[in-house]
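Chemist: Curious how this folds, go ahead:
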Amino acid sequence: MNSADNKTEPMLKIEKLNAFYGAVQALKDVDVEIHKGEIITIIGANGAGKSTLLNTICGNPKASSGKIIFEGKEITNQQTHLTICSGIALVPEGRRIFSRLTIEENLELGGFHQDAKSNSSEIERIYTIFPRLKERRNQRAGTLSGGEQQMLAIGRGLMMKPKLLLLDEPSLGLAPLVIRQIFQIIEEIRNNGISVLLVEQNANRALAVADRGYILEIGKIVGSDTGKNLLKSDAVKKAYLGM
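Modeler: Numbers count the residues shown, from 1 in each chain. This is a model prediction of the structure:
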């Protein structure tokens with residue numbers, strides 16, 4: 001389902017975005033658009049600024065200039081908790097689950113903004129997506145496998161009931177079979193009406209599921225196209241697909 005072909009306004013529009021880490025400029029006049037129902041992927045080498053882009057959308061670091069517009073409202077440098085409540089959730093690189101808490105306690109924290117009844121109902125919905133988590137609901141999160149921890153991190157993000165899910169390197173360090181499962185889940189999330197902005201070093205997998213992709217190099221967008229066209233691009237194959 002690719003909504004970019006229609007004339008509706010993008011769900012998320014990033015215009016001329018600049019951001020710094022200390023004295024280092026991490027993003028340089030970045031323009032990105034995401035329409036409702038799309039999976040968009042950002043590919044690039046380590047240090048290109050991919051994670052910084054996701055973090056800047058959430059307000060940390062703050063943008064030095066440019067605009068971030070979500071559903072027609074400017075959210076540039078909005079406080080992070082307000083951005084989350086507006087419908088954007090980030091699943092960070094490295095999962096960052098609470099290892100000493102159980103699976104269920106991790107999910108409960110993801111739904112911090114809901115009342116207890118809604119939270120409980122949402123947890124059961126997450127368990128339908130991740131039945132393996134339900135089987136281990138009382139197990140400490142730190143004892144899970146890497147793949148199970150990533151499923152928990154995504155589940156915790158979904159507990160926020162986002163309209164847009166930001167995923168930072170969800171396949172990092174996982175076995176090929178688990179990576180396949182994670183990307184199937186990403187497509188299922190989109191099919192359930194949630195748009196996805198995906199940062200991923202596994203460019204082959206990411207572009208295969210993406211409606212559109214952007215190439216980020218040293219903080220600048222240097223190309224964009226459909227996922228299919230980028231997969232066919234000789235330059236992309238050479239630089240990012242190991243071909």
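
Chemist: Tell me the spacing between the residue nearest to residue 168 when sequence neighbours are not counted and residue 200.
Modeler: Nearest residue to residue 168, sequence neighbours excluded (C-beta to C-beta, 6 or more residues apart in numbering): residue 93, at 4.1 Å. (Glycine included, C-beta is placed from N, CA and C.) Computed as C-beta to C-beta, to the nearest Å, the residue 93 to residue 200 distance reads 10 Å.

Chemist: which one of these two has more residues nearby?
Modeler: residue 200 (27 against 17; other C-beta atoms under 10 Å).

Chemist: Tell me if I'm right that the more buried one and residue 41 touch.
Modeler: Yes: using C-beta atoms under 8 Å, residue 200 is in contact with residue 41, at 5.9 Å.

Chemist: pLDDT below threshold where in the chain?
Modeler: 1-7, 242-243 (pLDDT under 70).

Chemist: Strands along this structure, start to end?
Modeler: Remark: strands assigned in the chain by DSSP state E are 12-21, 24-34, 39-43, 63-70, 73-74, 88-91, 164-168, 195-199, 212-217, 220-226.

Chemist: Residue 145: neighbour count?
Modeler: 12.

Chemist: And for residue 148?
Modeler: Residue 148: 20 neighbours (other C-beta under 10 Å).

Chemist: Which residue, other than its chain neighbours, is closest to it?
Modeler: The nearest residue in space to residue 148 (C-beta to C-beta, 6+ apart) is residue 132, at 6.2 Å.

Chemist: ok, longest helix in the chain?
Modeler: helix 176-191 (DSSP state H).

Chemist: hang on, residue 92 packs against residue 165?
Modeler: No: in this structure residue 92 lies outside contact range of residue 165 using C-beta under 8 Å: 11.9 Å.

Chemist: Of those two, give the one with the bigger neighbour count.
Modeler: Of the pair residue 92 and residue 165, residue 165 is the one with more neighbours under other C-beta under 10 Å, namely 23 against 16.

Chemist: which residues does the residue nearest to residue 61 when sequence neighbours are not counted contact?
Modeler: Among residues not flanking residue 61 along the chain, residue 19 sits closest, at 5.3 Å (C-beta to C-beta, 6+ apart). Counting by C-beta atoms under 8 Å, 6 or more residues apart in numbering, residue 19 touches 25-27, 52, 56, 61-64.

Chemist: Could you turn the buried ones of the residues you listed into a PyMOL selection?
Modeler: PyMOL command restricting the contacts of residue 19 to the buried ones, with burial defined by 16 or more other C-beta atoms under 10 Å:
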select buried, resi 25+26+27+52+56+61+63
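
Chemist: Closest to residue 125 out of the contacts of residue 19?
Modeler: Distance to residue 125, by C-beta to C-beta, is smallest for residue 56 among the contacts of residue 19, at 29.9 Å.

Chemist: Touching, the closest one and residue 63? I think so.
Modeler: Yes: when contacts are counted by C-beta under 8 Å, residue 56 is listed as touching residue 63 (5.5 Å).

Chemist: hey, what's in contact with both of those two?
Modeler: 17, 19, 27.

Chemist: ok, the last one - contacts?
Modeler: Residues near residue 27 by C-beta under 8 Å, 6+ apart: 17-19, 49, 52-53, 56, 63, 219.

Chemist: How many residues are close by the spatially closest residue to residue 98 that is not a sequence neighbour?
Modeler: Distance criterion C-beta to C-beta, 6+ apart; nearest residue to residue 98, sequence neighbours excluded, is residue 106 at 5.5 Å. Neighbours of residue 106 under the rule other C-beta under 10 Å: 22.

Chemist: For residue 68, see how far away residue 106 is.
Modeler: 28 Å.

Chemist: Stretch 36-56: which residues count as buried?
Modeler: Buried, per 16+ other C-beta under 10 Å, within stretch 36-56: 36-44, 48-56.
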